[in-house]
Each structure stands twice: as C-alpha cells, then as structure tokens.
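**Student:** sequence and predicted model, in that order:
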Amino acid sequence: ACYVNYGAQISSKEPGEYGKDDVVSETKQDGMYPFFEGSDISEYHVDWPGLYVDYRPNTMYGPRFTELFGSEKIAIRKVSGKNETLLAGFDNNGLYCDDNTILVVDNDDVVDCDAQTEFQGFEHTDDPYDLTYVLSLVNSTVADFYYRRRFSPGSLQGTYSTVYPKHVRSLPLYSIDFQTEKEADQQLPKELEKYQLSEITDSVTPVDCERTAHDQLSQLANIAIEARKGITNINTYIGDYIHGCESGRKLSDISGYQPTSNRRNSILSETNSEKTNLRIGDVTVDVDETVVISATARFKPTDPQIDDVDQWGYTETDYIPVIEFVGLKPEMASLIREWIPHCVDESPKYANFYANATKTISLIDRLESIILPELNSIRSQFSSYLENKQTAEKLEQRISMVESLTDTIVYELYNLTEKEIAVVESAVQGA
C-alpha cells in the first residue's frame, strides 16, 4: 500500500565537497525547494520553518527522488516523541526534508521511479487505502504500544528512541476488506467540539463494516490535519502582544498579595549560600477563588546520596506554593496566569526577573520582583491575545477528541478486549 524511506541524505557523494549548511538556506534561489526538519513535525502536521534546499540529485549522497517529496505524504520523526511515541505529521505542499525524517507515500506515487517497493517479509497490496487512514493508525495508541514493545531500545537520552523505516514498515496496518458494501450515512460530525465525547462515540460504527471504519479514520485524520494547521496560524506568544514593562508594579506590590504559609521553610527561601547553582525551574499559576503561584527549584546537589539528577547534574523539586492573591478581578487574575510563566520562560532578566538565586537574593525574592504590566495600558492587546489563545485551545480540544475517537475505532478494528485496552493505555500513558 505504501512506500517507506528516509528523506534525502543531502551531503555530497564526494567527501567534504559540501554539507547540509551549504545547501539549506533561509533565502530562496533558483532551483531551491521548501525544506523542513524533523523538529518541525507534530502530530498530523508539518510546520514549514521558512527554509529552502538546493536539491542536487546528481551529486548528493542519497537524493532519493523528486516524486517522494512532491507527493502527498506522511512524515515521521526519526527521533521519537517523549516516552517513545511516534510523531507523524502530514504534508501535501511538496516539502523536501533530510534523513532525520521517514516518509510514507502511496506506492502508486513512486511506481514510475527506481524506488524499491518490494521488501522481503512485507506483502504488497493494491487495495485503495487512503493515506490519511494510515496516518490515523500511525498516530494511534495501539501503534505507540506496538512500537515501544517491539522496537524501542531506549537508545537516546531520557525516554526517546530512534525510529527506522523498517519499524514503520512493520507497524500493523489493519487489512481492510474493500469488497464489502459501505454502510450509508456514517460520516462523523465535523464540528466535534460541539458534542460530548460520549455522543460522538455512539455514532462510531461497531466495526462490522471495515470500509466504514476506514473512511471514518480518514475523516478523523483530515479533521485533525485542519485543526493543527489552524493552530499553527494562530499567534499565542504573549510577548508579541505585550512588549516589555515600561510601566507596571512588582508582584509583591499588587493589591491582594500575600505570602503562602510555611514558604519560609521551603527551599525557595534559600540562596546560593545554601544550595549550589540554585535557580527557579518552572512555575504554575492556579486560578480559583484565589490565585496561587507555585514554583520548582533546581540545583546541583553536593550530597552523593541524591542520585536523581538530569544530564546536566541538576535535581528539581516538586511545585511549592509561594505567592497568593485574594480578591482579584478576573481580568487581573488572567494577566497573572499568563504573564508569570512567560517571564520565567524568557529569563534571564525579563520583566525584572532573574531565574538564579545569589548569595543574598532568594528564589522568593526573584519571583516577587517580577513586574506586572499596568492592565489599563495593555488591555486591548491582552484581550486579543486571550481571544486567539481561546481559539487555539478549542482546536486543541478538537484534536484531543479526534485522538480519543481514533483509538475507539482502532480498538474495535483489532478486536481488543477491555482488559487488553487497559494494558495498552497503561503502557503508553503511564510510561
């Protein structure tokens, strides 16, 4: 049904003649094609980063062929997602890529090339599978489970692994009986977010008609493709809406501020005198009846008994509540919720925030010194940001529903029992 191979090896056949940096550029010239990298792949989408490649099929080490790139295709990252999950996007814009990506195209699209389409141990079929049906299966929880159990060697740092074309070829593509009659009127509603998941699930056909399941999975993939495309077109970076803090107040000067109880007994009150390379790791802001800012602390332990360190030699605490606000209006609470994590992400020194403690300045001091913009001066921009973020979140909800419905259909296709489903989901989600 499909041809699977790496993208192009874009260095020269002749050693040292040219490399990737010599043929990939942000500036388009004659004979160059739009180019993406593995890091630009997310589920159901390939985000073109504005790069171009000088494609030299006669002198490149492994150029593949233009039909592979010009065709509608699935693009799978060579480096797996977190917890050794597969990341498969979709491209129908003729983007080129290098061998950090594995491409999947319909066999018919490469039939006139010199491509090897027959592989030992893999049965060839001419059945009319839709490529988006294949995309749904690759992005399903069942495919992640299969890949992790059969192929994942845990070969890279953390919980990432290398994906090879032979792994993708071996994924269990459910064989559809295209000779059966399709059931009528089995399309799923396009505006999934207007329904409860249970309502949509009820409309999923019990898989006694495989052709209908094939079409529903294709439809779900297309919904996710459009949703992911919509998300990439929405700017949800708050720093593009609110520029700096020419005017504003420190968090500790905001009306309603109060310290959380017992924070002075936490590591957040310490300085570099007590902990080596002490710094803020991450923050969360919970908005309910009050607004609570919590933070983690990162440091390099000197105690040899502490062995839970990352590749840089740091250990990180759980989230610790540190600042609380009471009586805030919803708009101000929203500004704090959005602004504080942004400042921490943009450190060093953003809105008067530094992540590192010093010998005299604690992590609590650092957080309390963050400057919050004056709401009256940025209200219009902040309102636009919130509106766009809400639109993006609705699209994310649509994708989440697609993923749940996809798994529901795939479980039925493979006739998994409730016990087997529990094993699959526990293995993947609990990794």
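**Tutor:** Received the coordinates, thanks. Numbers count the residues shown, from 1 in each chain.

**Student:** what about the stretch 1-150 of the chain, any weak spots by pLDDT?
**Tutor:** Scanning the stretch 1-150 of the chain for pLDDT under 70 picks out 115-125.

**Student:** the strands in it, which residues?
**Tutor:** Assigned by DSSP state E, counting those that start in this stretch, the strands in the stretch 1-150 of the chain fall at 2-6, 9-12, 24-25, 32-36, 41-42, 45-46, 51-54, 60-62, 73-77, 88-91, 96-97, 101-106.

**Student:** before we move on, what about the stretch 251-400 of the chain?
**Tutor:** Under DSSP E, counting those that start in this stretch, the stretch 251-400 of the chain gives strands at 257-259, 276-287, 290-300, 315-316, 320-326, 371-373.

**Student:** buried ones in the longest helix along the chain?
**Tutor:** Determined from DSSP state H, the single longest helix within the chain is helix 375-413. For helix 375-413, the neighbour count (16 or more other CB atoms under 10 Å) marks 378, 382, 385-386, 389, 392, 395, 398-399, 401-403, 405-411, 413 as buried. C-betas here are computed from N, CA, C, even on glycine.

**Student:** including mean neighbour count and distance to V326, could the strands of the stretch 1-150 of the chain go into TSV?
**Tutor:** Listed next are the strands of the stretch 1-150 of the chain as TSV, based on neighbours: other CB atoms under 10 Å; distance: least, CB to CB, whole Å:
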stretch	mean neighbour count	distance to V326
strand 2-6	21	57
strand 9-12	19	58
strand 24-25	16	53
strand 32-36	20	48
strand 41-42	22	39
strand 45-46	24	42
strand 51-54	20	49
strand 60-62	16	63
strand 73-77	25	45
strand 88-91	26	45
strand 96-97	26	52
strand 101-106	24	51
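
**Student:** ranges for the helices of the stretch 151-300 of the chain?
**Tutor:** Under the criterion DSSP state H, counting those that start in this stretch, the stretch 151-300 of the chain contains helices at 165-170, 197-203, 210-232.

**Student:** same for the longest one, what does it pack against?
**Tutor:** Translated: helix 210-232. strand 45-46, helix 131-138, helix 375-413 (3 or more CB pairs under 8 Å, 6 or more residues apart in numbering; DSSP states H and E).

**Student:** which among the strands of the stretch 251-400 of the chain is found nearest to I231?
**Tutor:** strand 276-287 (22.1 Å; CB to CB).

**Student:** one step back: can you tell me which of the strands of the stretch 251-400 of the chain is nearest to A213?
**Tutor:** When these are compared (using CB to CB), the closest one is strand 276-287, at 40.1 Å.

**Student:** got the CA positions of the closest one in PDB?
**Tutor:** C-alpha atoms of strand 276-287 as PDB (Å, rounded to 0.1, in the frame of the first residue of the first chain):
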ATOM      1  CA  THR A 276      24.800  25.300  44.600                       C
ATOM      2  CA  ASN A 277      23.500  26.900  41.400                       C
ATOM      3  CA  LEU A 278      20.100  27.400  42.900                       C
ATOM      4  CA  ARG A 279      17.500  28.600  40.400                       C
ATOM      5  CA  ILE A 280      13.800  28.600  39.500                       C
ATOM      6  CA  GLY A 281      12.900  25.600  37.400                       C
ATOM      7  CA  ASP A 282       9.300  26.200  36.400                       C
ATOM      8  CA  VAL A 283       6.200  27.900  37.600                       C
ATOM      9  CA  THR A 284       2.400  27.300  37.500                       C
ATOM     10  CA  VAL A 285      -0.400  29.600  38.300                       C
ATOM     11  CA  ASP A 286      -3.700  28.200  39.600                       C
ATOM     12  CA  VAL A 287      -6.800  30.500  39.300                       C
END
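
**Student:** so for that strand, what's the average pLDDT?
**Tutor:** Strand 276-287 shows a mean pLDDT of 94.

**Student:** which strands and helices lie in contact with it?
**Tutor:** strand 290-300, helix 330-346, helix 363-368.

**Student:** return the set of buried residues in the longest one.
**Tutor:** What that stands for is helix 330-346. Neighbour-count burial for helix 330-346 [16+ other CB under 10 Å]: M332, A333, S334, L335, I336, E338, W339, I340, P341, H342, C343, V344.

**Student:** could those residues go into TSV alongside pLDDT and distance to A297?
**Tutor:** Conversion of the buried residues of helix 330-346 to TSV gives the following (pLDDT from 0 to 100; distance: CB to CB, whole Å):
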residue	pLDDT	distance to A297
M332	96	27
A333	97	25
S334	97	26
L335	96	25
I336	96	20
E338	96	23
W339	95	21
I340	95	16
P341	95	16
H342	94	20
C343	92	17
V344	93	12
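
**Student:** and which of the residues you listed is nearest K166?
**Tutor:** P341 (41.1 Å).

**Student:** next, count neighbours for the closest residue to the closest one other than its chain neighbours.
**Tutor:** Distances taken as CB to CB, 6 or more residues apart in numbering place V283 nearest to P341, at 5.5 Å, with adjacent residues excluded. By other CB atoms under 10 Å, 20 other residues sit near V283.
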